[in-house]
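Trainee: predicted model follows, preceded by the sequence.
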Amino acid sequence: MTGPDDKNFSTGEELFNYANYLGQLVLKSLPLLGIMVLIVQLLLHIDSVRPFLSSVYRMEGVPVDTQNVKDWMDEKKPSFLHHSS
């Protein structure tokens with residue numbers, strides 16, 4: 001079944017021209033995507049903006065560096081990461 005957006009190429013040259021067009025489109029979009037990533041990364045350094053951009057930050061509990069390591073490294077509790085054999 002063909003739709004209105006399907007391309008039928010009768011010659012290899014038409015396919016090459018279309019692939020060249022798509023490649024140029026990708027190359028033109030890369031700087032924009034890079035700028036967008038840079039802006040988001042810079043905004044993540046602002047503490048008041050971070051919860052709006054990162055769902056992981058919103059769901060995060062107490063940061064590890066402020067916890068007492070002995071609380072979560074207790075050897076009496078079973079570890080699911082290491083299996084003893």
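Mentor: It's in. Residues are numbered from 1 along each chain as shown.
Trainee: does Leu53 touch Leu43 like I think?
Mentor: Yes. In this structure, Leu53 is within contact of Leu43 by CB atoms under 8 Å, at 6.1 Å. Quick note: C-beta positions are derived from backbone N, CA and C, even for glycine.
Trainee: joint contacts of these two?
Mentor: In terms of CB atoms under 8 Å, 6 or more residues apart in numbering, Leu53 and Leu43 are not both contacted by any residue.
Trainee: which strands and helices sit next to the longest helix that the chain contains?
Mentor: Using DSSP state H to define each element, the chain has its longest helix at helix 12-43. When contacts are defined as 3 or more CB pairs under 8 Å, 6 or more residues apart in numbering; DSSP states H and E, helix 12-43 sits against helix 50-53.
Trainee: which other helices and strands contact the helix it packs on?
Mentor: Partner elements for helix 50-53 (3+ CB pairs under 8 Å, 6+ apart): helix 12-43, helix 55-59.
Trainee: switch to 7 Å and redo it
Mentor: helix 55-59 (3 or more CB pairs under 7 Å, 6 or more residues apart in numbering; DSSP states H and E).
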